[in-house]
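J.: Prediction below, plus the sequence it came from.
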There are 2 protein chains.
Amino acid sequence: MKFVCDKNSLLEGVNIAIRGVSSRTTLPILQGIKITAKGNNIKLSGTDLEIGIECQIPAAVEEEGETVVPARIFSDLVKKLPEGEVEVKSDSQNTVNVVSGDINFSIAGSNPEEFPEIPEVSREKSFKLPQSILKDLIKKTVFCVSEEQTRPILTGVLFEVFPNELKAVALDGFRMAIYSYKSEESFFDEEAEKYSLVIPGDTLDEISRILEDEETEVIIYHTSNQVLFQIDNTKVISRLLEGSFINYNAVLPKDFKTEITINKDVFMESLERASLIAESKNNLVKFEIGDSFIVISSSSEKGSMSEKLEVEVKGMLLEIAFNSRYLLDALKAIDEEEVNLYFINSINPLIIKPVGEKEYLYMILPVKLN
Amino acid sequence: MKFVCDKNSLLEGVNIAIRGVSSRTTLPILQGIKITAKGNNIKLSGTDLEIGIECQIPAAVEEEGETVVPARIFSDLVKKLPEGEVEVKSDSQNTVNVVSGDINFSIAGSNPEEFPEIPEVSREKSFKLPQSILKDLIKKTVFCVSEEQTRPILTGVLFEVFPNELKAVALDGFRMAIYSYKSEESFFDEEAEKYSLVIPGDTLDEISRILEDEETEVIIYHTSNQVLFQIDNTKVISRLLEGSFINYNAVLPKDFKTEITINKDVFMESLERASLIAESKNNLVKFEIGDSFIVISSSSEKGSMSEKLEVEVKGMLLEIAFNSRYLLDALKAIDEEEVNLYFINSINPLIIKPVGEKEYLYMILPVKLN
């Protein structure tokens, strides 16, 4: 294998493919990036067997072929090369030679035949949406997936695709985020009602780092157990989580008795102060909702605090308590200036919605007060 | 104790005093900052018994007194308060109450009588220099102090004060840095030849974070075992290291046979690439010096590399090897664009000097080649 390409293109490709490489693998070959030189391109692939990432970059291929380079050292090396052209070649022993001007590196590669095949995903079923929307969707939901493996399905985000709507839902038993993206064009070519897939949260984290804030579209192909994200010249392939997701509509509360409108930043700053004092175990903060104010308080062996915020309150007065981390996680994902809080009573979930946005909501379970 | 002061002044003071607080202490009282309200000021003090830092800020003192607040939580709290005035008061139980508008915190403080006295340092002997110079001096020497406790004196930087010169020297057995600051005014009021102090590297690290890039002066008072840095309204008190420092002049090589002039950034980039391949244990990189070039190479189980840099060479050709980390540490501390390297042979130390700067030099021992 032998090719010449631009240092910056190569670095960009390596930086994408390395997102598929696990740092904690017991299989040495998985610490590598496979390079395949063919036609006018090279393809860089990284996988940890759960996720596979492939990225194509243009190159002058002088000799087609493939090899596997150690991911970390190859990426550090390319990063530290001067601007300009880089020549990369490998021999039958998979010794990889990298030359840039008077700089000459030889590193020990691995046999590409040992590199696991990244599965092909059938391109029959697909839907698409702008990169920026998918990035926002991930940011607003993925933090709610469960970190516990006791119910594996909850470690993923549910994507429900309706003819003109994509709904993403993540929940971990304490809180839930629902994001809805409406499309004027139908997502379906064929006659269909809806389908749903549950994508691992880890996959979405990696994808969100590859996505740009651009209008160009991501195409999402899927089968019953695999999903493929096509993002420009990059493909991300992941398994899907199997099993049935929770019927989230059934747990959504209705008939709210109290509604508050509050400035998001003021609310966040107050919660952050309250968190300083709250027990680090459950971050318990208390709300006492009056007729035109909310008193936020916390106490622990560190001390106690309380503060009063003037807010717009409609409905019943109420005392309720939460894990402040869940509130802060949700508020951090919101870009709008103001939020509405909807309560039923002190034992039912709180719903948070950005003011003026109907497209997403967060639900948070309260903590019981003695 | 009761006082009112500006949030930002209080934060600034707390951020300075907290530099004296050790995060790993077995004495709970040392995790606190002592606040002393008196006259028109409050004094914030932190100490880990090795170093003591005191900072004064203006405040409207309504009731004189003192208390000890937990450093971490108090600093987090002040940071998160809104802009404006803060009222702080403590009662006889050392419960500390912090009020800002409708925000009200009570935290458990400690008995100020348990807080160790930070020693007074006699103000008889002193010398002074601009903050920016002291900051630069620390940056250029402190990284060379020994991290090993086998020879404690080498964990500090030697300050040698002559009538018109201050020399700072640090060495760890593998490398040495010497910085010289010349003053037109004599450092001495009295008749004196020179004196020397060895200041712990950790103390200098903390001081360097307090120093600003300003021309205002730092006054350094000292006795035989204590030193006091007066920086604006901040005092840093530290013990001095005892014992005699190495006679560094005796180990400085002379009679160089080879001299190279090289661009610092080009040299650093090349060394960084060589470090990627070098064994992580000793970071061995080899130099082969020709008549108008230097070939830098390294090899390990990861692979091998070599690159050739065009440089100005005067004198003998030479092969020599170094731990690249020591070279990189020195080059990072240099601001100038070009450096001179002076060699004797492959077993004697290398001297690095910034071109056009006579005020400091680095010496690095080579690694023996087989």
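T.: Now that the structure is in, tell me what you want to look at.
J.: Now do the helices in the stretch 101-250 of chain A.
T.: A:131-141, A:201-210, A:248-251 (DSSP state H, counting those that start in this stretch).
J.: tell me the angle the longest one makes with helix A:201-210.
T.: What that stands for is helix A:131-141. 140 degrees (axes from the mean of the first three to the mean of the last three C-alpha atoms, to 10 degrees).
J.: buried ones in stretch A:141-158?
T.: A:141-146, A:154-158 (16 or more other C-beta atoms under 10 Å in any protein chain shown). C-beta here means a position set from N, CA and C on the backbone, and glycine is covered the same way.
J.: before we move on, what about stretch A:306-322?
T.: So, applying 16+ other C-beta under 10 Å, buried residues of stretch A:306-322: A:306-309, A:311, A:313, A:318, A:320-322.
J.: Tell me how far A:H222 lies from chain B.
T.: Here the distance between A:H222 and chain B works out to 40 Å (C-beta to the nearest C-beta, to the nearest Å).
J.: Over to A:P200?
T.: In terms of C-beta to the nearest C-beta, A:P200 sits 32 Å off from chain B.
J.: And A:V69, by the same measure?
T.: For A:V69 relative to chain B (C-beta to the nearest C-beta), the value is 10 Å.
J.: ok, now A:I289?
T.: 15 Å.
J.: So which bits of chain A are right by chain B?
T.: A:70, A:73, A:76-77, A:80-82, A:95-96, A:102-108, A:269-270, A:272-273, A:276-277, A:301-309 (C-beta under 8 Å from any C-beta of the partner chain).
J.: Now the buried members of these.
T.: A:70, A:73, A:76-77, A:80-81, A:96, A:103-108, A:269-270, A:273, A:276-277, A:302-303, A:305-309.
J.: ok, the nearest residue to A:E85 once chain neighbours are set aside - contacts?
T.: What sits nearest to A:E85 in space, not counting adjacent residues and going by C-beta to C-beta, 6 or more residues apart in numbering or on different chains, is A:V4, at 5.5 Å. Contacts for A:V4 (C-beta atoms under 8 Å, 6 or more residues apart in numbering or on different chains) come out as A:59-60, A:62, A:85-88.
J.: Quickly list what A:S196 is bridged to.
T.: A:E160 (DSSP bridges).
J.: If I look at the closest residue to chain B within the stretch 51-200 of chain A, what pLDDT would I see?
T.: Minimum separation of the stretch 51-200 of chain A from chain B (C-beta to the nearest C-beta) falls at A:I107, amounting to 3.5 Å. Listed pLDDT for A:I107 reads 96.
J.: Walking through the stretch 51-200 of chain A, point out its strands one by one.
T.: A:51-58, A:60-63, A:65-70, A:85-90, A:95-100, A:103-108, A:125-130, A:156-162, A:165-171, A:175-182, A:195-200 (DSSP state E, counting those that start in this stretch).
J.: and what of the stretch 201-350 of chain A?
T.: A:217-222, A:226-231, A:234-239, A:258-263, A:284-289, A:293-300, A:303-310, A:312-315, A:318-323, A:338-343, A:350-354.
J.: weakest of the strands of the stretch 51-200 of chain A in terms of mean pLDDT?
T.: Among the strands of the stretch 51-200 of chain A, strand A:125-130 scores lowest, at a mean of 92.
J.: From the contact counts, what lies against that strand?
T.: Under the contact definition 3 or more C-beta pairs under 8 Å, 6 or more residues apart in numbering or on different chains; DSSP states H and E, strand A:125-130 sits against strand A:217-222.
J.: What residues sit buried inside the strand it packs on?
T.: Buried-residue list, strand A:217-222, by 16+ other C-beta under 10 Å: A:218, A:220-222.
J.: Chain B: which of those residues is nearest?
T.: A:V218 (34.3 Å).
J.: what is that closest one paired to in the beta sheet?
T.: Where A:V218 sits in a bridge, its partners, by DSSP bridges, are A:L129, A:I231.
J.: which ones are touching it?
T.: Contacts of A:V218 by C-beta under 8 Å, 6+ apart are A:128-131, A:134, A:211, A:229-231.
J.: Compare the residues you listed and tell me which is most surrounded.
T.: The most neighbours of any of those, using other C-beta atoms under 10 Å in any protein chain shown, belong to A:L211, which has 26 neighbours.
J.: And that one, how close does it get to A:Q131?
T.: The span separating A:L211 from A:Q131 equals 5 Å under the rule C-beta to C-beta, to the nearest Å.
J.: what's the answer for A:E191, then?
T.: Taken as C-beta to C-beta, the span from A:E191 to A:Q131 is 29 Å.
J.: Near the nearest residue to A:N225 once chain neighbours are set aside, how many other residues are there?
T.: Of all residues not flanking A:N225 in the chain, A:L240 sits nearest, at 5.4 Å (C-beta to C-beta, 6+ apart). A:L240: 18 surrounding residues under other C-beta under 10 Å.
J.: Return the distance of A:L240 relative to B:K128.
T.: 70 Å.
J.: Show me what the residue of the stretch 251-370 of chain A found nearest chain B bridges to in the sheet.
T.: As assessed by C-beta to the nearest C-beta, chain B sits closest to A:G303 within the stretch 251-370 of chain A, at 3.5 Å. Counting by DSSP bridges, A:G303 is bridged to A:S300, B:I107.
J.: need the contact list for the nearest residue to A:M363 once chain neighbours are set aside.
T.: Closest residue in space to A:M363, ignoring its immediate chain neighbours: A:M176 at 4.4 Å, by C-beta to C-beta, 6+ apart. Residues in contact with A:M176 (C-beta under 8 Å, 6+ apart) are A:144, A:169-170, A:248, A:251, A:362-363.
J.: need the strands of the stretch 51-200 of chain A in CSV with distance to A:K332, can you?
T.: Output for those, formatted as CSV (distance: least, C-beta to C-beta, whole Å):
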stretch, distance to A:K332
strand A:51-58, 25
strand A:60-63, 45
strand A:65-70, 36
strand A:85-90, 40
strand A:95-100, 41
strand A:103-108, 41
strand A:125-130, 23
strand A:156-162, 17
strand A:165-171, 15
strand A:175-182, 12
strand A:195-200, 22
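J.: Name the residues that touch stretch A:124-140?
T.: A:157, A:161, A:166, A:168, A:177, A:179, A:181, A:183, A:187-188, A:195, A:204-205, A:207-208, A:211-223, A:231, A:333-334, A:360.
J.: so which of the contacts of A:V4 comes closest to B:N40?
T.: Set against B:N40, the nearest of the contacts of A:V4 by C-beta to C-beta is A:V86 (65.2 Å).
J.: The closest one against A:N8, yeah?
T.: No. Using C-beta atoms under 8 Å, A:V86 makes no contact with A:N8, being 9.7 Å away.
J.: show me the contacts for A:I344.
T.: Residues near A:I344 by C-beta under 8 Å, 6+ apart: A:253, A:255-258.
J.: now do A:E359
T.: A:179-182.
J.: Now the buried members of those.
T.: Here, 16+ other C-beta under 10 Å leaves A:179-181 buried among these.
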